[in-house]
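Q: Quick one, what's the 3D model for this:
(one chain, ligands or ions: 2)
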Amino acid sequence: MIRAKRAELRQALLEAAPWLDATEFGPRSVTAGTCDRCEAAPRLLPTCGPTTFEALCRDCAEDEGDDAWCDGHLDDGRSAREWAATLPERWADAVVLWWVATGEIRAEGSLIDGPAPLGEDLGPAVRAALGGD
Ligand SMILES: [Zn+2]
Ligand SMILES: [Zn+2]
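A: Ligands and ions are numbered 1, 2, ... in the order given. Next up, the predicted model:
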């Protein structure tokens with residue numbers, strides 16, 4: 001995806017999902033990739049132990065609870081999970097598209113136009129930036 005398109009996508013995503021702009025939690029706070037625990041959903045929250053995970057998806061962070069944060073960061077962990085609980089059902093789409101927009105991951109055809117196209121619930125501006133209609 002060319003740079004101008006990526007900037008357009010970033011703008012459209014921020015309008016559709018302003019929570020992407022958070023820096024303490026969310027896709028800007030972790031290295032792009034899948035959750036260290038389930039290796040299926042995207043990473044969403046940075047964690048710090050006593051488990052060995054560095055970043056977890058929403059469901060795994062909920063399952064691990066306080067165990068995913070050290071004693072000094074239990075409050076941070078709780079606010080991270082509370083924040084994650086407010087996200088829409090298809091938060092993972094927005095996270096993956098954010099990383100496409102920042103150039104951290106490549107936009108593959110199957111990702112964008114597969115059976116459940118990413119961003120279809122994020123509005124026409126996002127789909128337009130992806131080249132769809
Ligand atoms: Zn997970
Ligand atoms: Zn900690």
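
Q: need the residues of the protein near ligand 1, please.
A: 35, 37, 38, 41, 57, 60 (Cβ under 5 Å from the ion). All C-beta atoms are positioned from the backbone trio N, CA, C, and that covers glycine.

Q: what helix or strand is the last one on?
A: Under the criterion of DSSP states H and E, residue 60 resides in helix 58-64.

Q: Could you tell me which residues within that helix count as buried?
A: 58, 60, 61, 64 (16 or more other Cβ atoms under 10 Å).

Q: Let's have these in JSON lines, adding pLDDT.
A: Putting the buried residues of helix 58-64 into JSON lines (pLDDT from 0 to 100) gives the following:
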{"residue": "58", "pLDDT": "97"}
{"residue": "60", "pLDDT": "97"}
{"residue": "61", "pLDDT": "97"}
{"residue": "64", "pLDDT": "96"}
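
Q: Ligand 2 contacts on the chain?
A: Near ligand 2, when you scan the chain using Cβ under 5 Å from the ion, you find 48, 70, 73.

Q: give the contact list for residue 120.
A: Counting by Cβ atoms under 8 Å, 6 or more residues apart in numbering, residue 120 makes contact with residue 127.

Q: my bad, should have said residue 95
A: 20, 26, 27, 42, 43, 44 are the contacts of residue 95 under Cβ under 8 Å, 6+ apart.

Q: ok, and the most crowded of these?
A: In terms of neighbour count, residue 43 stands highest of the contacts of residue 95 at 27 neighbours, by other Cβ atoms under 10 Å.

Q: List the contacts of that residue.
A: Taking Cβ under 8 Å, 6+ apart, one finds 27, 30, 31, 32, 33, 34, 35, 36, 55, 56, 57, 95 in contact with residue 43.

Q: Now, of those residues, which are buried?
A: The buried subset of those - by 16+ other Cβ under 10 Å - is 27, 30, 32, 35, 36, 55, 56, 57, 95.

Q: now those as JSON lines including pLDDT?
A: Putting the buried ones among the contacts of residue 43 into JSON lines (pLDDT from 0 to 100) gives the following:
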{"residue": "27", "pLDDT": "97"}
{"residue": "30", "pLDDT": "96"}
{"residue": "32", "pLDDT": "94"}
{"residue": "35", "pLDDT": "96"}
{"residue": "36", "pLDDT": "96"}
{"residue": "55", "pLDDT": "97"}
{"residue": "56", "pLDDT": "97"}
{"residue": "57", "pLDDT": "97"}
{"residue": "95", "pLDDT": "95"}
